[in-house]
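K.L.:
With the sequence up front, the predicted model follows.
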Amino acid sequence: MNICLVGYGMIAEHHVRALRTLEDIHFRWLVGRRPEPTRAFADEWEFEHQTLELAEALADDTVDAVVITSPNVLHVSQATAALNAGKHVLLEIPIAMALADAQGLAALAQQVNRRLMICHSMRFLHAFLYIRRLVEEDRFHMTQFLGNIFIRRRTNLTATGKPRSWTDNILWHHGAHLTDLAMWLGNASSVERLSYHPGPNYRQQGTVDMSLTMTLPSGAIATVAQSYFTPGFGTQVLVIGHEETFLWKNETLYDFEGKVLVPRQSILDLVDQNAEFVKAVRENRPPAITPETIMPTMQVLAQAQSIAEAEPPPVSHPPKL
């Protein structure tokens, strides 16, 4: 399978590492935005070709699939171009930053009969698959979900400390991860009594704090609380249920007494996810995470966005460090 990779940031490297573990994968094109880092990444990972123009790579009939790891706001336009060029697409989260755009991509993928898989990668982590299996077997019934992602982003830097040329979105990017995880573990396709509280708008950085709470049809409560103001990266999830309680911390799943249930697995381990995409393409079947499967999550994020727009948070400046 010939791959075109769009983007050369941190997550792009992890996609390449994951794809390298699979058989008969060839890195045909790298598409970047700036010449120097594009050339450096292409050389390091041995891409056959590099370009700053997506259209050039898409014109190559030998390209089978496009992996899109570009800034959030480019996802829709680039995925649209790739699908219209007849390529299968593995698209980094979020699928879009508006519900209508997400629905449009879903319809397009169906129309052109190409696989479109969205990288809701937390669904592939062994810890959450462990809980999900209990849910599917009717042996675990969630009563509350508490999820946190904390990232150091007081200034516009990447996770590796390099200057970022675009601004992240705490609701549509990282909020999509945890909102989707809560709904998936709660076996929910809709939510009730949604409440969204964005922190101040810091102009260039936008909103860097948020809290989202929702009630699932089962009655379970789910809370997603995130911040880009912490000293470093951290994430944890507490899943409380009738039968037992799970704590996912330091990328390890524990029971409430501290016993390890699922050993540590990096949140950046994309091997199983990318293998599923490649297998779906080769078997000509829908992948595990299609646009339709995550559309309920997009509906929740769109509703939260509407709440924020109806009562915008105040514009402020970060305190000096």
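P.N.:
Yep, that arrived.
K.L.:
Mind exporting the C-alpha coordinates of the least confident helix or strand in the chain by mean pLDDT to PDB?
P.N.:
Lowest by mean pLDDT, DSSP states H and E among the helices and strands of the chain is strand 229-241, with a mean of 91. In PDB, the C-alpha atoms belonging to strand 229-241 read as follows (Å, rounded to 0.1, in the frame of the first residue of the first chain):
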ATOM      1  CA  PHE A 229      -2.300  26.000  31.600                       C
ATOM      2  CA  THR A 230      -0.500  23.200  33.400                       C
ATOM      3  CA  PRO A 231       3.300  22.700  33.800                       C
ATOM      4  CA  GLY A 232       3.300  19.700  31.500                       C
ATOM      5  CA  PHE A 233       1.200  17.000  29.900                       C
ATOM      6  CA  GLY A 234      -1.000  14.800  31.900                       C
ATOM      7  CA  THR A 235      -4.200  12.800  31.500                       C
ATOM      8  CA  GLN A 236      -6.400  10.600  33.600                       C
ATOM      9  CA  VAL A 237      -9.800   9.000  33.500                       C
ATOM     10  CA  LEU A 238     -12.000   7.800  36.400                       C
ATOM     11  CA  VAL A 239     -14.800   5.400  35.400                       C
ATOM     12  CA  ILE A 240     -17.200   4.600  38.200                       C
ATOM     13  CA  GLY A 241     -19.800   1.900  37.900                       C
END
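K.L.:
who touches the following helix or strand past it?
P.N.:
As assigned by DSSP states H and E, the chain's next helix or strand after strand 229-241 is strand 245-249. Residues outside strand 245-249 that contact it (C-beta atoms under 8 Å, 6 or more residues apart in numbering) are 127-128, 131, 236-239, 253-256, 261. (C-beta placed from N, C-alpha, C; glycine too.)
K.L.:
Ok, stretch 174-189 next?
P.N.:
Residues outside stretch 174-189 that contact it (C-beta under 8 Å, 6+ apart): 93-94, 120-123, 128, 131-132, 135, 142, 145, 147-149, 151, 168, 191, 210, 212, 214, 216-218, 220, 222, 224, 226, 237, 239, 294, 296-298, 300-301, 304.
K.L.:
Repeat the analysis, applying 6 Å as the threshold.
P.N.:
The contact list for stretch 174-189, computed with C-beta atoms under 6 Å, 6 or more residues apart in numbering, reads 93-94, 120, 122, 131, 135, 142, 145, 147, 149, 216-217, 220, 222, 224, 226, 294, 296-297, 300.
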